[in-house]
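Enquirer: Any chance you can model this:
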Amino acid sequence: MIPALRVGGLLPLTTLDYPGQLACVLFCQGCAWRCRYCHNPELIGPRGRQETPWAEVLAFLRKRQGLLDAVVFSGGEATLQAGLPAAMRQVRELGFKIGLHSAGIKPAAFKRVLSLCDWVGFDVKALEEDTALITGVSHSGRTNWQSLELLLDSGVEYECRTTVHWQLSDCRRLQRLGERLASIGVEHFVVQQARNQQVLDEQLPPSVCPPDSEQLWSYLQQLFAHFSLRAA
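Expert: As a prediction, this is how the structure comes out:
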């Protein structure tokens, strides 16, 4: 049976999206949030203009057996698709490790696939009370953090990452976020500076990296066993 997985794009080779593994990325179509700095807006809608049939995805992966280590399901938000568990199982049968990029938009759906994952890159949008400013969705902070708790309880390898747009955050908020993550047991934390720092709101401060950010990076380095800074 072919899973009804809507794939809006495919990255054939990456060393960044699953740390330590040669991987490809499947960008799953559809997302329920509207993050203001989103750099994959074409994946937000439930249907994409150029979707790749699942049979073609499998054909591509069969040609990469022995060459790639892992397949990462990204988005959009992959866990919103009912066909994701079956797709993950088929990919595992081909001998690939399974990676997932997710913000845990729906905790029940996120929990359903956790046991199928070897590694998760989890998007922590912000402190719970600040998340709706980014996603445009009320109560999104609550579900984001509920799913994070599920991840930490699961024992699955992970990294938590927060994308920073400097009109939506500042060093003080990011420090408080880091402290909160460390207090609940997060050991792997990555800060990603948004690729596009365009002005989102003329009423907000300019979207430039604050001069005191170097002190913040040093502080976060001390908080976490594994901390890094990268471009989104």
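Enquirer: what's the single longest helix in this structure?
Expert: With DSSP state H applied, the helix covering the greatest number of residues in the chain is identified as helix 140-154.
Enquirer: helix or strand right after that helix?
Expert: From helix 140-154 onward toward the C-terminus, using DSSP states H and E, the following helix or strand is strand 157-164.
Enquirer: List the pairing partners of that next one within its sheet, with orientation.
Expert: Sheet partners assigned to strand 157-164 using DSSP bridges are listed as strand 119-123 (parallel), strand 188-193 (parallel).
Enquirer: next one: it to chain centre, how far?
Expert: 7 Å (C-alpha atoms, centre = their mean, to the nearest Å).
Enquirer: can you tell me the average pLDDT over that strand?
Expert: For strand 157-164, the mean pLDDT works out to 97.
Enquirer: quick one, it and helix 140-154 angle?
Expert: Orientation of strand 157-164 against helix 140-154 (axes from the mean of the first three to the mean of the last three C-alpha atoms, to 10 degrees) gives an angle of 160 degrees.
Enquirer: Pull out the C-alpha coordinates of strand 157-164 and format them as PDB.
Expert: The C-alpha coordinates for strand 157-164 follow below in PDB (Å, rounded to 0.1, in the frame of the first residue of the first chain):
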ATOM      1  CA  GLU A 157      18.100  11.400  20.200                       C
ATOM      2  CA  TYR A 158      17.400  15.000  19.400                       C
ATOM      3  CA  GLU A 159      18.400  18.600  19.100                       C
ATOM      4  CA  CYS A 160      16.300  21.600  20.100                       C
ATOM      5  CA  ARG A 161      16.500  24.600  17.800                       C
ATOM      6  CA  THR A 162      15.100  28.000  18.000                       C
ATOM      7  CA  THR A 163      15.000  30.300  15.000                       C
ATOM      8  CA  VAL A 164      15.600  33.900  15.900                       C
END
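Enquirer: same for the next helix-or-strand element following it, what does it pack against?
Expert: Past strand 157-164, further along toward the C-terminus, the next helix or strand under DSSP H and E is helix 171-183. For helix 171-183, the packing partners by 3 or more C-beta pairs under 8 Å, 6 or more residues apart in numbering; DSSP states H and E come out as strand 157-164, strand 188-193, helix 213-223. In this view, the C-beta of every residue, glycine as well, is placed from N, C-alpha and C.
Enquirer: Residues in contact with stretch 114-124: which ones?
Expert: Stretch 114-124 is contacted from outside by 17-19, 21, 70, 72, 85, 88-89, 92, 97-104, 144-145, 147-148, 150-151, 154, 156-163, 177, 181, using C-beta atoms under 8 Å, 6 or more residues apart in numbering.
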